[in-house]
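Asks: Next come a sequence and a model predicted from it.
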Amino acid sequence: MNNPESERFDAIIIGTGQAGKPVAVDLANAGWKTAIIERDQVGGVCVNVGCTPTKTMVASGRVAYLAGRAADYGVQTGAVEIDMGTVRRRKRDIVELFRTGNERRLGNTENLELIRGEGRFTGTQAIEVRLAQGGERLLEAETIFINAGARPRHPDIVGLDEVDGLDSTSIMELDEVPDHLIVLGGGYIAVEFGQLFRRLGADVTIVQRRDQLLPREDADVAEAIAEVLREDGVRLILGGEATQVAPTADGGVELTVEQTSTAGASDIESANHSGSSAMTTKISGSHLLVAVGRLPNTERLGLESIGVEVDRRGNVIVDERLETNVAGVFALGDVNGGPAFTHIAYDDYRIVRDNLLGDGGATTEGRFVPYTVFIDPELGRVGITERQARQRDIDYLVAKMPMSHVARALETDETRGFMKVLVDGNSGAILGCAILGIQGGELATMIQIAMMGKLHYRKLKEATFSHPTLAESFNNLFLSLASPQR
């Protein structure tokens, strides 16, 4: 078969995620002849299987939780019932709304062509696209952006391929609440889904191979989150290595766990299990969610054919300007192995935009990496942790206060969690925070704004905030500032 004639563009983008789409639009609006390639759904992970659908479902879980607590506020509602069909339909409708909005934006942009298919490199400036409707197109450009995203990691566990396991995408398509959901993993995705389905009525057991949930967090933060989940009825098995999965006669799953520490051993006794020894436990459940991380979608891009360097996990290696070792080839978002957050992908877009269309000089150096874990109460984070401060031998102070000391939290009966801020012991500059509490993400964002403005902590300590708001708690929070106990 003769190859079709190559088509010349000024820029090619592989993937329509939260970095790829705005890059394509801005370049096209600047007069660049641009092609953007999408093999699946426009919008990338965030819109289709990440932020948008999960937070939509978390909102349903939040309503179920509050309905179950209605009597605490003097409101009588009766028994709470969950209609998973409606939960799923609401999620799908919002995803469709966001996706079609992205499609319209791409379709209405001059100089920009959306190509449906899968792209792979055939040269440093050449992309072969296997079209979704059949056939191929060969594209060429001096500037190419990889925004291919990531997918759930499938761990190497004996028997996992023999059961109908769920991942972070497929679990959102369930049409019924699981009787007993076993969650394998202890990261952000695991705790969000674990709490969500507990609130929707499922028994939930989280199995985490490390001794604490959310290993990147300080131990006090992780333990407080574990306590919140336990209060909600989630069983936690920490320090437990999953070694085997098997189907059960009733269509469920049986997970074999080797207990490597005593961190979560107490919760084993309350799980549905049969123990073969003191250190080995078999846990039976109706459904299994595998949430042990994500892998970049790089293996089918043909990167090896042009010598683009990747790390051992397949992440594309980039410099501070997000360019690979091959000139003119950039990698944006989850695929480059940086912090896997939508807002970081969008900041990747800003960097390449400023360097290609602006004054230049934009880099990833020193940028803020805030994030929110959408459990309830939320964990909002920005800056360094206390563990990192110790590792860097920074002279720091800690301001810490339970949410039960916050007037607004008491008034709304949302007192779980605490506020924790690190301050430079010499300059008084704010170094970072962890806010586990009602509206924790929004409060952490206020701290971030103060950090961006290089405010001394006393500016927040002495500020006049509206009463009664959550923000005014910063006044009292910084009264607790003290040297840490080493």
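Replies: Received the coordinates, thanks. Residues are numbered from 1 along each chain as shown.
Asks: Find the residue at the geometric middle of the protein.
Replies: For the chain, the residue nearest the mean C-alpha position is Phe341 (5.6 Å; Cα atoms, centre = their mean).
Asks: ok, and the closest non-adjacent residue to it?
Replies: The shortest distance from Phe341 to any non-neighbouring residue, by Cβ to Cβ, 6 or more residues apart in numbering, is to Tyr371 (5.4 Å). The way it works is simple: take the backbone N, C-alpha and C, and place the C-beta from them, glycine included.
Asks: try Glu320
Replies: Closest residue to Glu320 apart from its sequence neighbours, by Cβ to Cβ, 6+ apart: Thr363 at 3.9 Å.
Asks: Same check on Glu5?
Replies: In space, and not counting its chain neighbours, Glu5 is closest to Leu138: 7.4 Å by Cβ to Cβ, 6+ apart.
Asks: which residue ranges form the helices in this protein?
Replies: 20-29, 44-49, 51-68, 84-107, 188-199, 219-231, 265-268, 342-357, 386-391, 407-411, 440-452, 457-461, 473-477 (DSSP state H).
Asks: where among those helices is the average confidence lowest?
Replies: The minimum mean pLDDT among these belongs to helix 265-268 (a mean of 60).
Asks: give the contact list for Thr143.
Replies: Residues near Thr143 by Cβ atoms under 8 Å, 6 or more residues apart in numbering: 10-12, 328, 330, 356.
Asks: Of the residues you listed, just say which sits nearest to Pro377.
Replies: Checking the contacts of Thr143 against Pro377 by Cβ to Cβ gives Phe330 as the nearest, at 38.0 Å.
Asks: how many other residues sit next to that closest one?
Replies: Residues near Phe330, counting by other Cβ atoms under 10 Å, number 27.
Asks: Who are the contact partners of Ile306?
Replies: 121, 123-124, 326, 329 are the contacts of Ile306 under Cβ under 8 Å, 6+ apart.
Asks: These into a markdown table, with extra columns for pLDDT and neighbour count?
Replies: Below are those laid out as a markdown table (pLDDT from 0 to 100; neighbours: other Cβ atoms under 10 Å):
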| residue | pLDDT | neighbour count |
| --- | --- | --- |
| Phe121 | 98 | 22 |
| Gly123 | 97 | 13 |
| Thr124 | 97 | 16 |
| Val326 | 98 | 16 |
| Val329 | 98 | 23 |
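Asks: wouldn't Ile36 be in contact with Ala19 here?
Replies: No. Taking contacts as Cβ atoms under 8 Å, Ile36 lies outside contact range of Ala19: 11.3 Å.
Asks: if you count what's nearby, which of the two comes out ahead?
Replies: Each of Ile36 and Ala19 has its neighbours counted (other Cβ under 10 Å); Ala19 has more, 34 against 28.
Asks: how far away is the nearest residue to that one once chain neighbours are set aside from Arg312?
Replies: Spatially, and ignoring its direct neighbours in sequence, Ala19 is nearest to Leu332 (3.7 Å; Cβ to Cβ, 6+ apart). Applying Cβ to Cβ, to the nearest Å, the value for Leu332 to Arg312 is 21 Å.
Asks: Among those two, which residue is more densely surrounded?
Replies: Using other Cβ under 10 Å, the more surrounded residue of Leu332 and Arg312 is Leu332, with 31 against 5.
Asks: The more buried one and Ile344 touch, don't they?
Replies: No. Judged on Cβ under 8 Å, Leu332 makes no contact with Ile344 at a distance of 9.6 Å.
Asks: related to what we said a few turns ago, from Ile12, how far out is the residue nearest to Glu5?
Replies: 11 Å.
Asks: Return every residue with contacts to both of those two.
Replies: Taking Cβ under 8 Å, 6+ apart as the contact rule, the neighbours common to Leu138 and Ile12 are Ile127.
Asks: Look at the two and report which has more neighbours.
Replies: Under the neighbour definition other Cβ under 10 Å, Leu138 and Ile12 were set side by side, and Ile12 has more, 27 against 15.
Asks: Share the number of residues neighbouring the residue lying closest to Gln448 once chain neighbours are set aside, please.
Replies: Once flanking residues are discounted, Gln448 sits nearest to Val382: 4.4 Å by Cβ to Cβ, 6+ apart. Using other Cβ under 10 Å, Val382 has 24 other residues around it.
Asks: now do Gly201
Replies: By other Cβ under 10 Å, the residues close to Gly201 number 18.
Asks: Would you check how far apart it and Leu436 are?
Replies: Computed as Cβ to Cβ, the Gly201 to Leu436 distance reads 25 Å.
Asks: Repeat that for Val23.
Replies: In this view, Val23 and Leu436 are 35 Å apart by Cβ to Cβ.
Asks: just Ile94 next, same as before
Replies: From Ile94 over to Leu436 the distance is 27 Å, taken as Cβ to Cβ.
Asks: do Pro377 as well
Replies: Taking Cβ to Cβ as the measure, Pro377 falls 6 Å from Leu436.
Asks: Check Arg137 too.
Replies: Distance from Arg137 to Leu436, by Cβ to Cβ: 50 Å.
Asks: can you check Gly251 too?
Replies: Separation of Gly251 from Leu436 (Cβ to Cβ) stands at 37 Å.
Asks: Ok, Pro215 next?
Replies: When Cβ to Cβ is applied, the distance between Pro215 and Leu436 equals 16 Å.
Asks: still on that earlier bit, test my guess that the residue nearest to Phe341 contacts Pro339.
Replies: Yes. Contact criterion Cβ under 8 Å: Tyr371 and Pro339 qualify, at 7.3 Å.
Asks: and these two? which has more neighbours close in?
Replies: A direct count of neighbours by other Cβ under 10 Å for Tyr371 and Pro339 places Tyr371 higher, at 19 against 14.
Asks: How about Glu258: what's its closest non-neighbour residue?
Replies: Glu241 (4.7 Å).
Asks: Neighbours of that neighbour, how many?
Replies: Glu241, neighbours per other Cβ under 10 Å, totals 15.
Asks: Can you lay out the helices of the chain as a markdown table showing distance to Asn297 and mean neighbour count?
Replies: Formatted as a markdown table, the helices of the chain follow (distance: least, Cβ to Cβ, whole Å; neighbours: other Cβ atoms under 10 Å):
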| stretch | distance to Asn297 | mean neighbour count |
| --- | --- | --- |
| helix 20-29 | 12 | 24 |
| helix 44-49 | 10 | 24 |
| helix 51-68 | 18 | 18 |
| helix 84-107 | 18 | 15 |
| helix 188-199 | 17 | 25 |
| helix 219-231 | 30 | 18 |
| helix 265-268 | 35 | 17 |
| helix 342-357 | 13 | 20 |
| helix 386-391 | 30 | 16 |
| helix 407-411 | 41 | 15 |
| helix 440-452 | 28 | 19 |
| helix 457-461 | 42 | 17 |
| helix 473-477 | 42 | 20 |
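Asks: With distance to Leu131 as new columns, can those be given to me in CSV?
Replies: Shown next, in CSV, are the helices of the chain (distance: least, Cβ to Cβ, whole Å):
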stretch, distance to Leu131
helix 20-29, 18
helix 44-49, 20
helix 51-68, 27
helix 84-107, 17
helix 188-199, 33
helix 219-231, 46
helix 265-268, 51
helix 342-357, 26
helix 386-391, 47
helix 407-411, 55
helix 440-452, 41
helix 457-461, 55
helix 473-477, 55
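Asks: Looking at these, which is nearest to Asp179?
Replies: When the helices of the chain are compared by Cβ to Cβ, helix 188-199 sits nearest Asp179, at 10.6 Å.
Asks: what is the orientation angle of the closest one with helix 219-231?
Replies: Using axes from the mean of the first three to the mean of the last three Cα atoms, to 10 degrees, the direction of helix 188-199 lies 30 degrees away from that of helix 219-231.
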